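Participant: would you be able to build a 3D model of this:
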Amino acid sequence: MKQLRHTIQHHNLHMQAPVRLSHINLYHCDTPTSDVFPGHPYAKLIFVQKGSGQLHYENYNISFQAGTLILMNPERQKFSIEINENPTDIAILGIEYLYFLKKDNILEQPFVLHQCPSEMYSFFINKIVEEVQGQSLSFEDVCSHYTELLLIFLQRDTEIQFTSFLEDKSSQDCQNIKDYLDKHYAENITLDTLSEESGMNKYYLVHSFTKKYIRSPISYLNEKRIDESKKLLENTDYSIAEISKLIGFSSQSYFSQAFKKKTLMTPNEYRRSVKKD
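Facilitator: The predicted structure is shown next:
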């Protein structure tokens with residue numbers, strides 16, 4: 001009797017977190033059209049099942065046809081799809097905790113595989129669709145496993161590699177934003193300001209910050225301003241208008257509204273209560 005034994009060495013795509021399929025959008029079009037898709041804090045795997053058209057993202061105009069695969073990293077801005085041939089079917093997978101790499105560098109522009117070399121791509125995507133539509137027991141886990149198999153075949157067939165969502169980096173980015181707000185709360189700060197300072201997409205910034213601190217960056221900023229205003233109300237004789245300006249509110253009325261919403265008292269009522277004590 002002859003026996004062959006193969007030892008299996010496990011490689012997890014260099015992932016520090018499990019692959020998790022967040023959602024799948026099935027896009028069907030029967031007539032020529034153009035649609036805009038918002039940015040999301042997920043990696044996107046876009047697979048054209050049928051038809052043809054163009055994907056427009058920043059300065060990139062990408063032509064696609066049946067069998068085209070397009071990869072986009074998180075933090076990317078919105079993109080649009082223009083349909084030429086009908087009918088057209090496109091599957092868009094949103095994958096959490098994932099970055100696409102090329103030669104060990106984060107992929108900065110969409111990666112396009114104009115013709116998938118294997119029918120396995122279409123097979124796995126169809127199986128994911130079946131699971132999502134059927135919603136049988138533990139279908140979420142099955143979808144994540146099919147997604148990981150899809151990524152393994154992609155890594156075999158291309159120079160694309162993967163790494164996890166880098167939660168440590170995301171956490172540090174959020175800490176840096178919080179530190180910035182703590183230091184610059186008196187300035188005119190918007191989401192655009194924070195996006196420019198951090199280099200993060202606004203949608204991803206809000207998503208990550210809220211996940212870490214259970215409040216949005218702007219909510220945290222307003223709370224910080226209210227906390228600082230309490231110190232000024234307790235320890236100085238500045239007018240409400242002066243305090244409002246010192247802590248960065250655009251108007252005295254907005255400050256008073258925000259203060260009462262937070263403390264259930266007006267600034268003057270709060271000052272009288274602490275002076276009385």
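Participant: average pLDDT for stretch 120-140?
Facilitator: Average pLDDT, stretch 120-140: 88.
Participant: and stretch 100-108, by the same measure?
Facilitator: Per-residue scores along stretch 100-108 average to 70.
Participant: and what of stretch 217-234?
Facilitator: 94.
Participant: run through who's touching that stretch.
Facilitator: By CB atoms under 8 Å, 6 or more residues apart in numbering, the residues outside stretch 217-234 that reach it are 177-178, 181-182, 185-186, 189, 191, 194, 205-206, 209-210, 213, 215, 238, 243-244, 246-249, 255, 258-259, 262-263, 267, 270-271, 274. To be clear about C-beta, it is placed using only N, CA and C from the backbone, and glycine gets the same treatment.
Participant: helices and strands of this protein: which one bottoms out on pLDDT?
Facilitator: strand 105-106 (a mean of 66; mean pLDDT, DSSP states H and E).
Participant: inside helices: which ones of the contacts of stretch 217-234?
Facilitator: Among the contacts of stretch 217-234, DSSP state H puts 177-178, 181-182, 191, 194, 205-206, 209-210, 213, 243-244, 246, 255, 258-259, 262-263, 267, 270-271, 274 in helices.
Participant: before we move on, the earlier item: any of the contacts of stretch 217-234 buried? List them.
Facilitator: 177-178, 181, 185, 189, 194, 205-206, 209, 243-244, 247-249, 255, 258-259, 267, 270-271 (16 or more other CB atoms under 10 Å).
Participant: circling back: give the next helix or strand downstream of the least confident helix or strand of the chain.
Facilitator: The element immediately downstream of strand 105-106 (helix or strand, assigned by DSSP states H and E) is strand 111-113.
Participant: packing partners of that next one?
Facilitator: strand 69-72 (3 or more CB pairs under 8 Å, 6 or more residues apart in numbering; DSSP states H and E).
Participant: can you give me the buried ones in the helix or strand that the strand it packs on is followed by?
Facilitator: Next helix or strand after strand 69-72 toward the C-terminus (DSSP H and E): strand 79-96. By neighbour count with 16+ other CB under 10 Å, strand 79-96 contains the buried residues 79, 81, 83, 88, 90-96.
Participant: okay, now the sheet partners of the helix or strand just after strand 79-96, with direction.
Facilitator: With elements assigned by DSSP H and E, the helix or strand that comes after strand 79-96 is strand 98-102. Strand 98-102 pairs in its sheet with strand 105-106 (antiparallel), strand 160-164 (antiparallel), by DSSP bridges.
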